[in-house]
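S.K.: next come a sequence and a model predicted from it.
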Amino acid sequence: MRAFSIFAVILMTFIHLGFRQLPSSDPDSDFQKLSADFIEDNLKWNPQSATSLGFHQYDGLVSRYDIEIVKTQTNMIKAYQSQLEAIDPNSLNPKNYFDYRILQNEINKELFSAIERSPLTGNPMTYS
């Protein structure tokens, strides 16, 4: 049963990311779609943060910190990182250029938190 749940999480990740391939027509619209998708997913992964920001559709939800979920989230963040790297920041308008840098820093922060800080093994306050 555990193997099935791991397989289902991985399958859902690939299906989720498969529908989010960016067309290469307009870099500004590609970036705006990517950033909106990342923000939406990030709020879903961190419902307490979303609620504190005023998005009350996440009231009553809590973040899950089991190993499969954290690995899935890390893989999705890495996929967002590679999609962001596929967009040339110099081809964006000035507003999107700065938003690109902000999103790039947020993705790097999330990856650092998930990989380097490893909250599941390094901080028991995360999951207790």
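M.R.: Looks like it came in fine.
S.K.: CA atoms for contacts and neighbours, from now on please.
M.R.: Will do.
S.K.: which residues touch stretch 87-105?
M.R.: The contact list for stretch 87-105 (Cα atoms under 8 Å, 6 or more residues apart in numbering) reads 27, 28, 30, 31, 32, 35, 81, 84.
S.K.: any chance of these in a markdown table, plus distance to residue 96, secondary structure and pLDDT?
M.R.: Supplementary listing: these in a markdown table, determined by distance: Cα to Cα, whole Å; DSSP: H, G, I helix; E, B strand; the rest coil; pLDDT from 0 to 100:
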| residue | distance to residue 96 | secondary structure | pLDDT |
| --- | --- | --- | --- |
| 27 | 9 | helix | 94 |
| 28 | 7 | helix | 95 |
| 30 | 11 | helix | 95 |
| 31 | 8 | helix | 96 |
| 32 | 8 | helix | 96 |
| 35 | 10 | helix | 96 |
| 81 | 16 | helix | 96 |
| 84 | 12 | helix | 97 |
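S.K.: of the residues you listed, just the buried ones, ChimeraX syntax please.
M.R.: Here is the ChimeraX command that selects the buried residues among the contacts of stretch 87-105 (16 or more other Cα atoms under 10 Å):
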select :27,28,30,31,35,81,84
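S.K.: low-confidence ranges in this protein?
M.R.: Within the chain, the stretches with pLDDT under 70 are 1-24, 119-128.
S.K.: having no further points to raise, I will conclude here.
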